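S.K.: coords please:
(one chain, ligands or ions: 2)
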Amino acid sequence: MNHQNMPSTSDCHAAAIPPDPRKRGVIFGGGAVGRGFIGEILLDAGWNVIFVESSAALVAALGAGTYRHDTVTSSGVHRKTLSGCTAVSAQDTDAVRREVLGADVVFTSVGARNLPQVAAALAAGLADRHAKGYGPLDVFLAENIHDGATIMRGLLTEELSRQQVPDVAVVLERIGIVETSIGRMIPVPTAAQERQHAALVAVEPYRQLPFDVAACRADVPDVPELLGRHDVDFSFYSDRKLYIHNLGHCMTAYLGALAGQDEIAPSILDPRIAGVVRGAMYATARSLSRKYGQPLPALIHHSDDLMERFANTSLHDTVERVGRDPERKLNPGERFLGALSLTAQWGEPQVVIPGVALAVHQLTLSRPKENPMAMVAPVRAEVSRIVPDLVECFDELVTSLRNGAVLDQFIALLDVPASE
Ligand SMILES: NC(=O)c1ccc[n+]([C@@H]2O[C@H](COP(=O)([O-])OP(=O)(O)OC[C@H]3O[C@@H](n4cnc5c(N)ncnc54)[C@H](O)[C@@H]3O)[C@@H](O)[C@H]2O)c1
Ligand SMILES: O=P(O)(O)OC[C@@H](O)[C@@H](O)[C@H](O)[C@H](O)CO
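M.R.: Ligands and ions are numbered 1, 2, ... in the order given. Just a heads-up that it's a prediction; the model follows:
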């Protein structure tokens, strides 16, 4: 869309300042992924970025127009200053509405639980665009959420109806809800980093963003890191992300916690943990290769590369961040039960069972006031439905964790090599 005619926040300056020819990307969420990844690739590609943020501190920091961005590897830091952004408060509904009206693309990166508020804010702007006869727009979901497009379309439908917008289906016909597969790992900034600058963010070097090109309604943004393939179903990428990357990552976090680690890198550098994690990642890699007819060596290479990336000692990613929200991670289709179903169908579910047991144990730890058995029961029922032969093994692992098993005791119960 050409924004030279856009009615937007800059209209009142139109006489004095020539219109900005850069395209406008609106990013809901200026957090780790929003500013550490999406903001970076859009700004590097010459886009104007408008962050919509609910944290006043981040609105102030990003609204200053520049922020510091560190890319870290085990051997050093590449530091740069990103510029060309603005920020509006998510609470300023009129401003958000104007920004959506003037957007060439929208991204969300707020966390799954915050999508309903984003849908409410987006809906008004989408209705305005429709009323003015604007062209199609894509909303990219930069979230870890299974079946996110269906969820977001449902939320927008509800919200447009609630706002009594006529022709909801027609409004949404022109809106692409585009799932992405975010592979870049970005830790929560430390207090020391926040003291240096409220928007400072440190990221790993990986910066490809596969997305569901088939879901796009508008032109694909001219951003080189966006990878859309017409010859491979996007579900291959989303499954690969959840069942290799997120499964292995979260198992590393929970096993690391059992070993008393706070960070991911030292956890995966422990050969006892690496053996268990590799076993699970290779099993899902083999299953995905069979399911999608994709070459196994590339998936094994992907798994090995991920394990090396987990071992980035400068990233200081924490077991807390990677393991957070076990309830969501235990949803059907998510990294644990989804990987269990996948491997039950294509082979080797037994190496995923320890992950399910660790996750349910983490859930009980995160809610010390609730009855643990009430939290275990629904997961156990799913395990029993998917792999009835492995329920006993699941019970044994959960019991050992409840009885305070340390890493060696837990690993001794597994049918995997202690190290490779
Ligand atoms: N950090 C990673 O390595 C990583 C990688 C892949 C995917 N993800 C996924 O990306 C998403 C974002 O994760 P993150 O790590 O950036 O989290 P984050 O907490 O760092 O960032 C989320 C940001 O959204 C803001 N926010 C919340 N509700 C909002 C609203 N209604 N409107 C506008 N802003 C709002 C928060 O203030 C916060 O700044 C999640 O779905 C996460 O699972 C994270
Ligand atoms: O964000 P979550 O809680 O779904 O998962 C935690 C991490 O595995 C995840 O954030 C990864 O770092 C990310 O998906 C990789 O880019």
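S.K.: Wasn't residue 278 part of a helix?
M.R.: Yes - per DSSP: H, G, I helix; E, B strand; the rest coil, residue 278 lies within a helix segment.
S.K.: right, and it touches residue 307 too?
M.R.: Yes - applying Cβ atoms under 8 Å as the test, residue 278 and residue 307 come out as touching, 6.5 Å apart. In this view, the C-beta of every residue, glycine as well, is placed from N, C-alpha and C.
S.K.: the more surrounded of those two?
M.R.: Taking other Cβ atoms under 10 Å, residue 278 and residue 307 do not tie; residue 278 has more neighbours (24 against 17).
S.K.: avg pLDDT for stretch 109-116?
M.R.: Here stretch 109-116 scores 95 as its mean pLDDT.
S.K.: In that stretch, which residues are buried?
M.R.: Neighbour-count burial for stretch 109-116, counted by 16 or more other Cβ atoms under 10 Å, picks out 109-112, 114-115.
S.K.: cool, and stretch 393-410?
M.R.: Result for stretch 393-410 [16+ other Cβ under 10 Å]: buried residues 393-394, 397-398, 400-402, 405, 407, 410.
S.K.: count of neighbours near residue 376?
M.R.: Using other Cβ under 10 Å, residue 376 is surrounded by 21 other residues.
S.K.: tell me which element it is part of?
M.R.: Residue 376 is part of helix 372-386 when elements are defined by DSSP states H and E.
S.K.: Spit out the residues that contact residue 278 and residue 307 alike.
M.R.: Residues touching both residue 278 and residue 307 (Cβ atoms under 8 Å, 6 or more residues apart in numbering): residue 248.
S.K.: returning to what we had before: residue 327: which of the buried residues of stretch 393-410 is nearest?
M.R.: Nearest to residue 327 among the buried residues of stretch 393-410: residue 398, at 15.8 Å, using Cβ to Cβ.
S.K.: so the closest one is in which element?
M.R.: Under the assignment here (DSSP H and E), residue 398 is part of helix 391-402.
S.K.: Please verify my assumption that residue 45 contacts residue 222.
M.R.: Yes - counting by Cβ under 8 Å, residue 45 touches residue 222, with 6.4 Å between them.
S.K.: Let me know the distance separating whichever residue of the stretch 101-250 of the chain sits closest to ligand 2 from residue 150.
M.R.: Nearest residue of the stretch 101-250 of the chain to ligand 2, counting by Cβ to the nearest ligand atom: residue 144, 3.3 Å away. The spacing between residue 144 and residue 150, counted by Cβ to Cβ, to the nearest Å, is 15 Å.
S.K.: So between residue 45 and residue 222, which is more surrounded?
M.R.: Applying other Cβ under 10 Å to residue 45 and residue 222 shows that residue 45 carries more neighbours, namely 16 against 10.
S.K.: And the more buried one, how far from ligand 2?
M.R.: Here the criterion is Cβ to the nearest ligand atom, to the nearest Å. By it, residue 45 lies 20 Å from ligand 2.
S.K.: Could you see whether ligand 1 lies near the strand or helix carrying residue 252?
M.R.: Using DSSP H and E, residue 252 sits within helix 247-258. No - against ligand 1, helix 247-258 shows no contacts by Cβ under 6 Å from any ligand atom, the least distance being 9.1 Å.
S.K.: Need the residues that contact the helix or strand harbouring residue 172.
M.R.: Here residue 172, judged by DSSP H and E, is contained in helix 168-173. Applying Cβ under 8 Å, 6+ apart, the set of residues contacting helix 168-173 from outside is 126-127, 130, 153, 156-157, 160-161, 165, 217.
S.K.: chain center to the helix-or-strand element of the chain with minimal mean pLDDT, what's the gap?
M.R.: The weakest-scoring helix or strand in the chain, judged by mean pLDDT, DSSP states H and E, is helix 191-196 (a mean of 89). Centroid separation between helix 191-196 and its chain, computed with Cα atoms, centre = their mean, to the nearest Å, is 24 Å.
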